[in-house]
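Q: Sequence and predicted model, in that order:
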Amino acid sequence: MNSIVRLVSSMVEEVCRSIEKDKERYGELCAGLKFIKKEMEAVTGLMKDKDKVCRGAVQEIRIQQLQELAYDVEDFLESLRDPGQGAYGKLLVAIRMDPRPEQLRSIDRFKVTLSSITADLKQSAESNKGEADAMSDDEDEEAVEQLEAMDGPKSKIVELLKPSPGEGQQLRVISIVGCHGVGKTALARAVYHKYYSSSDEFDCVAWVTAASGCNNKKALLDKILHKVRADLASRAPHHTENDAPTEAQGGSTTKPNLHDILSDKRCLVFVDDVQQVQAWKDTVDACPKLGSKSRIVVTTSVLSVAKACSSGSYVYRMQYLSDDDSKRLFWRKVYGSQTEPPFSLVTDSEIIFSKCGGLPLALTSVAKHLNIKGETLDSTHCIEVGQNLGKEYLTGNDNVVVSVFKEMRRALVHYYDSLSEYDHRSCMLYLGIFPKGHQIKTKNLLRRLKAEGLVDNEGCKCFDALIDRYIVEPVQICNNSVVAKWCQVHSVVLEYIIQKSVAKNVVSLIQGHEPVLKGSTEACVRRLSIQSSSKERFDELDQDKKSALRSLTMFKTAPCDLRRCKMLRVLDLEGCNGLDQEFLESLCELLLLKYLNLRKTRINKIPPKIEKLQRLETLDIRETKVERLPMQVIMLPELAYLFGKFQLPEVPKGKEADKLYVFLKKKSVLHTLAGFVTNKRQSPEHVILLARKLKKIKVWCNDTPADDSELASSSSTTASERPSRRSNSWFPQRFGSKTHLLSQDHDCPWKKTEERRSNNTDFIKLLLKMRVTPLESVSIVSSSEVCNDFLGSLEGPCPISSIKLRGILNSLPDSNKLTELGRIKKLQLFSTGLTIKDLSALQVLRGLEYLKLVEYNDRFFNGVFIVEKKGFESLKSLCIDAPKVPKMQFKEGSMQSLTSLYLLCPNSQMPSGIIEGISHLSNLSEVILHSSMQQAWETVADGHPNRPCVKRQPPEPTGNTVA
């Protein structure tokens, strides 16, 4: 909830400082603003306290009202940044246009709204509590029916229950995890029924539902103990609950009781719907770690809970139904049997399958609704429910519909209610901006959220919460990254999010020719998403509604006239056509812009007027025709993230050069420059790499000389003005007097330039040694030897934690030098020309956590990748991307931290004799294979005691993405 007042609080202080020079005229205004700030902070604190106890509909409405007020106050504060001081202010007063009375009236209106919200909050405390209690008590259980395609998953769980060769006697926990409604409980029930009535493998088979009534650390333990005792009593009449000592008799407590039972008996316990990690930790502490043949099967919709319970293949991730299985289940529920549907229904029901996305609970809910139609069912019913699934069926008020979709609604509401933090819920609703099926680049989404003020620098935590609860799902299997690179929202979840976010006025939508989806006719449009529509649809919005627009995202839509959208902070035009120079210059008048995405827009030039965007934080011009960047972009004071593939701007002369030097030293906040094109010779433009906060760069190094005709044509500098290739005289002329820019502990890059050769060395020194603060991430693509020279120039202790090189390497540094580079955590090597045997020398990098090797040269397969004892001691993830799997040998004691092994090798031979010693990887939990690898590779980890999970890597996202 901090996001509601975070920006307002900082802006109040800033505005008050800017107008405090004229205290006589603006003293009352400052006092009013500070009162607003104080009251908003107080109301937010009150809401936080109530949110911990209960979260009813009234509470949600008040939070929405406070958010809208915060936006209004923020927009009002923006209008005060240039309050008209001095002679101009006096002139306004003289001609009776003094803005102060209206400004004070605005503050009075804000005060009234705040007072109303505060009064309502205090008055509704008890009613909110009652509502929250009623919601929790209303959760009744329904019998879970057998679903389609359960035989494979059921066999897998049964297999996991069996002892592994050489495992010994120890408790095993298997977690079944997946989103709500995917069939976790149905699968667990199927396994439970198999063993409950007809199996002699277990002395006890018990079922426990964790979600209901397990709110303290002892409740779940008591439930499990009660169910286990009851089942034992039913199987052995002479064994009763009275046989166990109780606390009242001075006997042992719950903890040793359960411990003793699981040690003496071979028990199979199913614990359904565990939602809290702590609840599980308290339970597992009561269980014997060794000397037990018992098994526990846990179902959960929270990934962190599943990982806390189990590891490796013992975390079974539920999959959505295939198209064929979805249709079989759906029509069986519609007709009550396997009756073939009429052809007209088959064709007109495709929209249903598209929106349900293989989610069993959604399919059965829609099918039950259509089943009510009986013999009157026709294609119009299928079309209607498909088109209105989100609006009418998942969130509507019709009593019949509510009854049929009750479980689906409860599952969707739980997604929202399970997020304890208001900021997390805001991030969830923000996802309503994106169309169904779009794949979202995670880091770009986080930058958008930060520009919107919805998250701070801890934004990853918000996103982790959404991933953890399957609200968003990774498109690709994650590597060692903190967050998934690409993500996607399931279509049913997105339908719910859209309706929820529109109702709360978080997002407004224009989709094709459909009516505008917005919160109410009176509400301001704060965030607008235009999807596959025309610019005329945007023009339909009232001008006063556009004036409050903070965020605009357009998909496959021609650009609109945005001159009136002065409050825009986020503008995403990726893939839009028709952006001419006049339009780009008009964007430079949107002075509040923080995030500007022009990727794939075919623009060829950034206008110098971009210098007006003093608050711009992110600029993305990747996959455009922009070849050279204007210096005005580099000089933007808030620009932190710059993406594209361009030449750096030319370094100015005289006073402009002085401004650049001071800016780079004291003001620049540029963090990511990914990336720029250069040649292997030293260039004055590289001085930009000395920006004080620059941490991440990507560079394409070409063999082309600096005065190549192509570069000359894109440069405004004449041949006579450009420095000679054979002379470095421009360094002392332009930079000689600016040596104070660098730390005294570093050599000045300009003093000694004439003494150096014009080759790769100077550029590499600039990256590694001549910066006051070191880089953290470097990516180099080179067709020459820059990659080789860069790697050879690294010295320990190396401050760079992430290195990505694409280009030829003659060899790796020697073992002693590699040992000194222990701070490198992430290393990716592409097309180096080295053999797999050569690359095994990297095992002495003690701090390396992620290694990716991509080689498509036949020479790569010469030799064996042998990892000795203590080799790659910190490595968590190893990825081999090649035509086939190279020979690999893991010796005992090697790769003790490795959890993920990626073998993305489409043309691999049979696994026999290729990989040896995989069982020595003591922490291995998953093996990821290329989607086209032979089936035999899925057995590669069968003999491993951890039973690592074997998965297939889906194809890379292409097209249809949102970055």
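A: In hand now; what should we look at?
Q: Going by C-alpha atoms from here, please, whenever you check contacts or count neighbours.
A: OK.
Q: Please point out which parts of the helix or strand hosting residue 536 sit buried.
A: Using DSSP states H and E, residue 536 maps to helix 535-539. Residues 537, 538 are the ones in helix 535-539 that count as buried (16 or more other CA atoms under 10 Å).
Q: likewise stretch 515-535?
A: Buried-residue list, stretch 515-535, by 16+ other CA under 10 Å: 516-519, 524-534.
Q: Looking at those residues, which are in strands?
A: Per DSSP state E, strands hold the following members of the buried residues of stretch 515-535: 527, 528, 529, 530, 531.
Q: related to what we said a few turns ago, please pull up the helix or strand immediately following the helix holding residue 536.
A: Going down the chain from helix 535-539, the next helix or strand is helix 543-546, by DSSP H and E.
Q: mean confidence for that following helix?
A: For helix 543-546, mean pLDDT is 78.
Q: Packing partners of that helix?
A: Contact partners of helix 543-546 among helices and strands, from 3 or more CA pairs under 8 Å, 6 or more residues apart in numbering; DSSP states H and E: none.
Q: Export it to CSV, keeping only CA atoms.
A: Presented in CSV, the C-alpha positions along helix 543-546 are these (Å, rounded to 0.1, in the frame of the first residue of the first chain):
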residue,chain,number,x,y,z
GLN,A,543,-10.7,15.0,-24.0
ASP,A,544,-11.0,15.5,-20.2
LYS,A,545,-10.7,11.7,-19.8
LYS,A,546,-7.5,11.7,-21.9
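Q: other SSEs contacting the helix or strand that comes right after it?
A: Downstream of helix 543-546, the next assigned helix or strand under DSSP H and E is strand 551-555. Applying 3+ CA pairs under 8 Å, 6+ apart, one finds that strand 551-555 contacts strand 527-531, strand 570-572.
Q: got a list of contacts for strand 551-555?
A: Outside of strand 551-555, the residues within contact range by CA atoms under 8 Å, 6 or more residues apart in numbering are 433, 452, 526-532, 568-576.
Q: of all the helices and strands packed on strand 551-555, which lies closest to residue 447?
A: Residue 447 lies closest to strand 570-572 among the helices and strands packed on strand 551-555, at 10.0 Å (CA to CA).
Q: Can you name the element that comes right after the closest one?
A: Proceeding N to C from strand 570-572, the next assigned helix or strand is helix 581-587, under DSSP H and E.
Q: who's in contact with that next one?
A: Contacts of helix 581-587 (CA under 8 Å, 6+ apart): 562, 563, 605, 606, 607, 609, 610.
Q: make it 10 Å
A: 559-563, 565-566, 571, 593, 596, 598, 603-610, 612-613 (CA atoms under 10 Å, 6 or more residues apart in numbering).
Q: The closest residue to residue 835 other than its chain neighbours: how many residues sit nearby?
A: Leaving aside its sequence neighbours, residue 835 sits nearest to residue 860 (CA to CA, 6 or more residues apart in numbering; 3.9 Å). Residue 860 has 21 neighbouring residues, counting by other CA atoms under 10 Å.
Q: name the helices or strands packed onto the helix ranked longest in the chain?
A: In the chain, taking DSSP state H as the definition, the longest helix is helix 23-53. Helix 23-53 is packed against helix 2-19, helix 57-79, helix 100-123, helix 125-137, with contacts defined by 3 or more CA pairs under 10 Å, 6 or more residues apart in numbering; DSSP states H and E.
Q: ok, back up a step: go through the buried residues of stretch 515-535 and name the one nearest residue 459.
A: Once CA to CA is applied, the member of the buried residues of stretch 515-535 that ends up nearest residue 459 is residue 527, at 19.3 Å.
Q: gap between that closest one and residue 930?
A: The gap separating residue 527 from residue 930 is 40 Å, by CA to CA, to the nearest Å.
Q: thinking again about what came up before, can you tell me which helices and strands the helix holding residue 536 packs against?
A: Using 3+ CA pairs under 10 Å, 6+ apart, helix 535-539 sits against strand 508-511, strand 527-531.
Q: Pull out the buried positions in stretch 619-634.
A: Buried positions in stretch 619-634, judged by neighbour count with 16+ other CA under 10 Å: 619-634.
Q: Tell me which entries of those lie within helices.
A: Those of the buried residues of stretch 619-634 lying in helices (DSSP H): 631, 632, 633, 634.
Q: how far away is the first one from residue 620?
A: Spatial separation of residue 631 from residue 620 under the definition CA to CA is 16 Å.
Q: swap in the third one?
A: For residue 633, the distance to residue 620 (CA to CA) stands at 12 Å.
Q: now swap in residue 889 and tell me
A: Using CA to CA, residue 889 is found at 44 Å from residue 620.
Q: Please apply the same query to residue 223.
A: On the measure of CA to CA, residue 223 and residue 620 end up 55 Å apart.
Q: Walking through the stretch 251-400 of the chain, point out its helices one by one.
A: Secondary structure of the stretch 251-400 of the chain (DSSP state H, counting those that start in this stretch): helices located at 254-264, 277-284, 303-309, 323-335, 343-348, 350-356, 360-371, 379-387, 399-404.
Q: Just checking, which helix or strand of the chain averages the lowest pLDDT?
A: Across the helices and strands of the chain, mean pLDDT, DSSP states H and E gives its lowest value to helix 709-713, namely a mean of 35.
Q: and residue 528, what does it touch?
A: Neighbouring residues of residue 528 by CA under 10 Å, 6+ apart: 433, 506-510, 516-518, 538, 546, 549-554, 571.
Q: how much space between residue 99 and residue 379?
A: Relative to residue 379, residue 99 is positioned 61 Å away (CA to CA).
Q: One more: residue 632?
A: Residue 632 sits 59 Å away from residue 379, going by CA to CA.
Q: Repeat that for residue 907.
A: 46 Å.
Q: Residue 429 too?
A: Counting by CA to CA - residue 429 and residue 379 are separated by 32 Å.
Q: what does residue 505 give?
A: The gap separating residue 505 from residue 379 is 34 Å, by CA to CA.
Q: do residue 288 as well
A: On the measure of CA to CA, residue 288 and residue 379 end up 58 Å apart.
Q: try residue 900
A: 48 Å.
Q: neighbour-wise, which of those two wins?
A: The neighbour comparison of residue 900 against residue 379 (other CA under 10 Å) goes to residue 900, with 24 against 15.
Q: Residues in a beta bridge with that one, which ones?
A: On the basis of DSSP bridges, residue 900 is bridged to residue 877, residue 926.
Q: Am I right that it is in contact with residue 941?
A: No. Using CA atoms under 10 Å, residue 900 makes no contact with residue 941, being 12.0 Å away.
Q: Now do the shared contacts for these two.
A: By CA under 10 Å, 6+ apart, residue 900 and residue 941 have these common neighbours: 924, 925, 926, 927, 948, 949.
Q: Can I get those in TSV including pLDDT?
A: What follows is those, written out as TSV (pLDDT from 0 to 100):
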residue	pLDDT
924	92
925	88
926	88
927	91
948	86
949	84
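Q: Just give me the closest of those residues to residue 700.
A: Looking across those and measuring by CA to CA, the closest to residue 700 is residue 927, at 33.0 Å.
Q: contacting residues for the closest one?
A: 312-313, 878-879, 899-903, 937-938, 940-941, 948-953.
Q: 6 Å instead, please
A: 900, 901, 902, 950 (CA atoms under 6 Å, 6 or more residues apart in numbering).
Q: Same question for residue 35.
A: Taking CA under 6 Å, 6+ apart as the test, residue 35 contacts no residue whatsoever.
Q: Roughly how far does it sit from residue 115?
A: 12 Å.
Q: Likewise for residue 163?
A: In terms of CA to CA, residue 163 sits 65 Å off from residue 115.
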